[in-house]
Structures are given as C-alpha cells and as structure tokens.
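**Student:** below are the sequence and a predicted model for it; my questions follow.
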Amino acid sequence: MLREQSKLITRAHRLLDICLTAAAFIGAYFIKKYFLPAPFGGLGVAPNYYTILLMIIIIWHVTFSLFDLYASYRRQTFGRIFKNMIKAVSAGMLVLILCMYLFKIKDVSRIMMGIFFLLDIGLLALSKGSVYGALTHYRQKGFNFRNILIIGGREGAGDVIDAIGDHLNSGYRVVGCLEVDEDEIGKEVKNGIKILGTIDRLREVLLEQVVDELIFAMPLKKIENADKYIALAEGIGVSVRIVPDWQIKKLGYKPAIASIEFEEFLGIPTLALTTTPTRQAELLIKSALDYVFAAIAMILLLPLFLLISCAIRLSSRGPVFFKQERCGLNGRKFMIYKFRTMMTNAEERRQELDDLNEADGPVFKIKKDPRIIPFVGTLLRKTGLDELPQLNNVLKGEMSLIGPRPPMPSEVEKYDIWQRRRLSMKPGLTCLWQVAPNRNKITFEEWMKMDLGYIDNWSLGLDFKILLRTTMTVLMGAGR
C-alpha cells in the first residue's frame with residue numbers, strides 16, 4: 001500500500017515539476033520577446049522554440065530522477081532538497097546545450113535561456129518550499145502523523161525506532177512498545193521510547209490510545225497465541241506489519257478481513273496487513289475532492305450560512321454554532337461543528353430524557369425531542385442543513401465528505417471490538433446510514449454493519465451514489 005501510494009505521489013510530483021519547467025520556458029520566451037527593453041528584447045523566427053521545449057521536457061524528466069528529486073520529504077532538510085534541485089536544473093541545462101550543439105540548433109537566445117534557468121529554479125523552489133513548509137507546519141501541529149505501537153524490545157524494536165527517527169519530519173511517531181517479558185516493563189528501548197507493558201495489554205492500549213499501525217518487531221514464535229493478537233488488531237481496524245522472520249505461515253493464520261502485502265517500511269522489509277481500502281489512486285482523488293468541494297461549497301453557501309445564522313439568532317438565545325467532541329480516524333478526538341438546533345441547556349437536560357431514548361446501543365435519539373428549537377431547529381434537522389459547518393472540519397482534514405459518521409467518545413467506550421473498526425476510515429458528513437430508507441428505525445448493530453460494509457466495499461463510484469442520495473434526502477427532508 002505504501003509503495004503504491006509513494007509511486008502515485010512521485011508521478012504527480014514529477015508532472016508538476018515538468019509543468020512548472022514548461023511554464024518557466026514559455027514565460028522566458030514572452031519576457032524576452034515582449035517585455036525586455038531594446039536592444040535586449042525581441043526574438044527571431046529561428047530556431048524553432050517548440051523543438052527546444054520538447055527537448056527540455058525529455059531531458060528534465062531524466063535529470064530530475066537522476067538527482068534524487070523525488071525522495072520522501074519526511075527524511076530530508078529543505079537545504080538538501082534545494083541543492084539537489086539546483087544540480088538537476090544545471091545538469092539539464094548542460095545536457096540541453098550539448099544536444100543543441102550535436103543537432104546544430106543555432107541562434108538560440110542566450111538571454112532567454114538565462115531567464116529560463118532562473119525562472120525554472122525560482123518556480124521549482126517556490127513549489128517545493130511551499131509543500132515542505134506546509135508538511136512541516138502540519139506535523140508540528142500534530143497532523144499528518146501515523147502513530148506506531150511496536151511489539152518487541154531492545155533487539156527488534158530498536159531497529160524500527162532507528163528507521164522512524166526521533167524528529168517530527170519523519171511523519172511517524174512511536175507511542176511505545178509491548179514485550180512478552182514482565183521484567184522489561186518501564187525500561188527504555190531507545191530515544192525515550194519505553195516498554196508500556198506486556199503484550200497481554202494490547203487490547204487495552206489499542207482501545208485507549210490512537211494507534212494507526214501495529215508492528216511486530218520480534219519473532220512471532222516467541223509470542224504465545226500471536227494469531228490472537230493479530231486478529232484483535234484486524235478486528236479493530238488497525239494496520240499490522242510483521243518484520244521477518246515470516247513466522248505467520250507457521251501460525252496458520254488467515255486474515256478474515258485484512259489484505260496482505262509485502263512492502264518496505266523505511267528500509268525494513270515487512271509483511272503488511274491492512275483492513276482499509278488499498279486503492280491508493282482513488283483514495284488520493286477522494287482526498288483532493290474533499291478539499292476542493294468543501295472550499296467551493298463554503299464560498300457558494302455563504303449567503304445560506306448567514307441566513308441560517310440570523311434565523312437561529314432570532315428564534316433562540318445563545319450561540320449560532322454548536323460544537324462537540326467526537327472521535328475521528330483511529331480514535332483521534334476533534335471538535336465537530338453544527339448549526340445549533342437545540343436550546344442552550346440541551347446537554348444538561350439529556351439525563352432527564354434518557355428513559356425516552358428510542359435508539360438501541362450507545363446512541364441517543366428521540367423522535368420529538370423537546371429540546372429542539374421550534375420550527376428553525378426542526379427544519380434544519382429534517383433537511384440536514386445543520387451539518388453544513390462540518391465543511392470546516394473537512395477543510396481541516398478531520399473529516400471527509402463521505403464516511404462513517406463521527407461518534408462521541410462516550411459512545412466509542414461502549415463499542416464491541418468489531419464495531420471499533422468503523423474508526424479505521426476518516427469520518428464523513430454523510431454515509432450509507434444517513435441515506436437509508438427508514439434510517440431512524442435501523443438498529444445500532446445494523447448501522448455499524450452498514451459502516452463496515454462501506455469500508456470493505458469502498459469506491460469512488462459508491463461515494464458518488466451516496467452523495468446523490470444525500471442530495472435527495474436533503475430535498476425530501478427525511479432527516480430527524
């Protein structure tokens with residue numbers, strides 16, 4: 001999965017660099033021809049600059065790869081990236097000059113090529129600096145990290161910790177290690193990473209902490225009932241990696257849900273089990289569409305936001321927006337935003353209404369909730385317009401447009417193990433449950449199975465269908 005995702009990102013990165021290089025050449029052409037004062041301005045009809053542009057695209061495509069321009073930003077300084085970029089562009093210019101000499105292409109404007117060289121370096125530096133700065137900023141804020149729990153002690157876990165590194169730019173963070181030996185508890189493995197307990201605590205740690213990946217860095221033959229722990233992680237929806245010696249075959253373990261791949265993890269060969277969708281090209285498109293659609297929708301719906309805000313203000317005292325802590329990807333907590341549809345004391349009155357709860361499981365729903373603001377609150381809930389502020393959560397990267405609805409932490413605490421797997425995919429504004437006929441009559445267990453079915457059968461086509469059905473649901477006012 002990581003290998004496929006890396007290839008897709010590299011291709012997109014390479015395409016962007018080539019496009020910027022072509023833009024720099026075209027820009028240099030127009031600057032030389034139309035904007036430079038005499039006697040420096042103007043260009044003759046010869047040579048054919050289209051041919052030169054084609055040569056540049058081919059040469060730069062090769063030199064960008066040769067100078068390691070697409071190595072992961074996670075383990076590089078920007079100085080090194082900039083240095084490699086200067087080398088690549090300079091090498092490309094030398095090869096281009098040699099090719100023009102060999103093919104006897106004469107009368108090429110040296111001023112224009114000098115402008116192109118500087119423009120190309122400037123555009124590439126701006127592009128790479130922006131991406132590098134954004135990634136560093138988000139990682140320092142705690143975003144774009146994958147939390148790793150390691151099964152193993154100094155011998156195996158130390159190698160993984162070395163590979164991950166102890167700096168923010170690695171993009172990975174080790175939450176701790178679990179061992180089989182009780183005497184190792186509390187001891188430091190490396191770089192401040194400690195043994196949290198024995199492997200018997202795996203269930204507890206996975207449920208209480210945010211863990212994105214579980215790495216078995218010790219021989220599986222040393223772990224009693226190792227298949228039980230792999231199945232536990234699989235059931236919760238946490239990805240598993242196994243550092244060889246490939247003992248999984250001896251266990252006779254066959255994943256019920258997860259797909260298995262052999263891939264490299266920061267230079268270490270591993271066996272990877274993942275329960276989330278593996279079509280990385282489609283997932284990248286989904287993520288891009290989330291940001292683009294949310295940004296456009298926030299702008300286009302601004303008048304509606306103002307209208308709803310005024311209606312809430314006029315009909316009830318209190319704030320326009322309601323915020324509440326929810327659980328996102330693998331249990332990450334964040335604040336969700338909604339238009340307020342209830343009285344300001346709704347949370348305090350919740351206990352008074354527990355006996356009227358019509359939903360099973362840990363959720364709470366009442367058909368005619370007395371806490372709802374008359375007319376305005378009812379209308380917003382029926383149309384689902386109260387959820388619109390969550391477009392801000394999408395822009396922050398906490399939610400997606402389509403995905404399982406984000407539950408409250410108090411609800412997650414009551415989940416069975418198999419139900420926790422619904423947190424293995426980023427939550428969404430709408431989901432299969434919200435567009436299901438008679439959704440309010442669906443049992444909690446059926447709801448959870450629908451979410452897991454969405455994760456197991458996810459595709460862009462399915463997201464598109466849910467989006468269309470959501471639009472129909474909003475128009476028909478089928479919410480509650």
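**Tutor:** Cool, got the structure.
**Student:** going along the chain, name the strands of the stretch 351-480 of the chain.
**Tutor:** 400-402, 428-430 (DSSP state E, counting those that start in this stretch).
**Student:** can you put the ones you listed in CSV and add mean neighbour count?
**Tutor:** The way it works is simple: take the backbone N, C-alpha and C, and place the C-beta from them, glycine included. Output for these, formatted as CSV (neighbours: other C-beta atoms under 10 Å):
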stretch, mean neighbour count
strand 400-402, 25
strand 428-430, 23
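**Student:** want to throw those strands into a markdown table with distance to residue 228 and mean pLDDT?
**Tutor:** Rendered in a markdown table, the data for the strands of the stretch 351-480 of the chain read as follows (distance: least, C-beta to C-beta, whole Å; pLDDT from 0 to 100):
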| stretch | distance to residue 228 | mean pLDDT |
| --- | --- | --- |
| strand 400-402 | 32 | 93 |
| strand 428-430 | 32 | 92 |
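**Student:** now render these as JSON lines, adding distance to residue 349.
**Tutor:** Below are the strands of the stretch 351-480 of the chain laid out as JSON lines (distance: least, C-beta to C-beta, whole Å):
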{"stretch": "strand 400-402", "distance to residue 349": "32"}
{"stretch": "strand 428-430", "distance to residue 349": "27"}
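**Student:** looking at the ones you listed, which is nearest to residue 292?
**Tutor:** strand 400-402 (10.2 Å; C-beta to C-beta).
**Student:** sheet-wise, list the partners of that closest one with their directions.
**Tutor:** Partners of strand 400-402 in the sheet, by DSSP bridges, are strand 428-430 (parallel).
**Student:** ok, and for the host helix or strand of residue 313, which residues are buried?
**Tutor:** Here residue 313, judged by DSSP states H and E, is contained in helix 302-315. Neighbour counts over helix 302-315 (16 or more other C-beta atoms under 10 Å) mark 305, 308, 311-312 as buried.
**Student:** looking at the strands of the stretch 351-480 of the chain, which is closest to residue 409?
**Tutor:** Closest among the strands of the stretch 351-480 of the chain, once you apply C-beta to C-beta, is strand 428-430, at 18.3 Å.
**Student:** related to what we said a few turns ago, next secondary structure after the helix holding residue 313?
**Tutor:** strand 321-327.
**Student:** and the following helix or strand past that following strand, what other elements does it pack with?
**Tutor:** Sequence order places strand 333-339 as the next helix or strand after strand 321-327, per DSSP H and E. The helices and strands touching strand 333-339, judged by 3 or more C-beta pairs under 8 Å, 6 or more residues apart in numbering; DSSP states H and E, are helix 302-315, strand 321-327, helix 391-395.
**Student:** run the chain-centre distance for the following helix or strand past strand 333-339.
**Tutor:** Downstream of strand 333-339, the next assigned helix or strand under DSSP H and E is helix 346-349. Here helix 346-349 is found 35 Å from its chain centre; the criterion is C-alpha atoms, centre = their mean, to the nearest Å.
**Student:** how about helix 346-349: buried residues?
**Tutor:** Burial within helix 346-349, assessed by neighbour count using 16+ other C-beta under 10 Å, is assigned to residue 346.
**Student:** show me what it is in contact with.
**Tutor:** Helix 346-349 has contacts (C-beta atoms under 8 Å, 6 or more residues apart in numbering) with 343, 371.
**Student:** mind redoing it with 6 Å?
**Tutor:** residue 371 (C-beta atoms under 6 Å, 6 or more residues apart in numbering).
**Student:** quick check: mean pLDDT across it?
**Tutor:** The average pLDDT for helix 346-349 rounds to 72.
**Student:** ok so, going back, could the helices and strands packed on strand 333-339 go into TSV alongside mean pLDDT?
**Tutor:** Below are the helices and strands packed on strand 333-339 laid out as TSV (pLDDT from 0 to 100):
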stretch	mean pLDDT
helix 302-315	92
strand 321-327	92
helix 391-395	92
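**Student:** so for residue 157, which of those sits nearest?
**Tutor:** strand 321-327 (27.8 Å).
**Student:** and for the residue nearest to residue 305 when sequence neighbours are not counted, the neighbour number?
**Tutor:** Nearest non-adjacent residue to residue 305, counting by C-beta to C-beta, 6 or more residues apart in numbering: residue 388, 7.0 Å away. Residue 388 has 20 neighbouring residues, counting by other C-beta atoms under 10 Å.
**Student:** can you tell me how far residue 388 sits from residue 363?
**Tutor:** 22 Å (C-beta to C-beta, to the nearest Å).
**Student:** before we move on, what about residue 353?
**Tutor:** Taking C-beta to C-beta, one finds residue 353 at 13 Å from residue 363.
**Student:** in the longest helix seen in the chain, what counts as buried?
**Tutor:** Criterion DSSP state H: the longest helix present in the chain is helix 110-140. For helix 110-140, burial by neighbour count (16+ other C-beta under 10 Å) applies to 112-113, 115-117, 119-121, 123-125, 127-128, 132, 135, 139.
**Student:** same question for stretch 460-472.
**Tutor:** 463, 466-467, 470.
**Student:** quick revisit: now do the helix or strand following the longest helix of the chain: everything it contacts.
**Tutor:** Downstream of helix 110-140, the first helix or strand assigned by DSSP H and E is strand 146-151. Around strand 146-151, the neighbours that count as contacts under C-beta under 6 Å, 6+ apart are 157, 160, 172-175, 177-178, 210-217.
**Student:** which is the next helix or strand following strand 146-151?
**Tutor:** helix 154-164.
**Student:** angle of that following helix against strand 146-151?
**Tutor:** Taking axes from the mean of the first three to the mean of the last three C-alpha atoms, to 10 degrees, helix 154-164 and strand 146-151 form an angle of 170 degrees between their directions.
**Student:** got the buried residues for helix 154-164?
**Tutor:** 154, 156-161, 164.
**Student:** can you put these in CSV and add distance to residue 205?
**Tutor:** Output for the buried residues of helix 154-164, formatted as CSV (distance: C-beta to C-beta, whole Å):
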residue, distance to residue 205
154, 19
156, 18
157, 14
158, 20
159, 21
160, 17
161, 17
164, 18
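**Student:** can I get the residues you listed in CSV with distance to residue 85 and pLDDT?
**Tutor:** Below are these laid out as CSV (distance: C-beta to C-beta, whole Å; pLDDT from 0 to 100):
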residue, distance to residue 85, pLDDT
154, 39, 77
156, 37, 79
157, 36, 87
158, 34, 85
159, 32, 80
160, 31, 85
161, 31, 87
164, 26, 79
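**Student:** max pairwise distance over these: which two?
**Tutor:** Longest span within the buried residues of helix 154-164, C-beta to C-beta: 154 and 164, 15.3 Å.
**Student:** what count of nearby residues applies to residue 399?
**Tutor:** By other C-beta under 10 Å, 26 other residues sit near residue 399.
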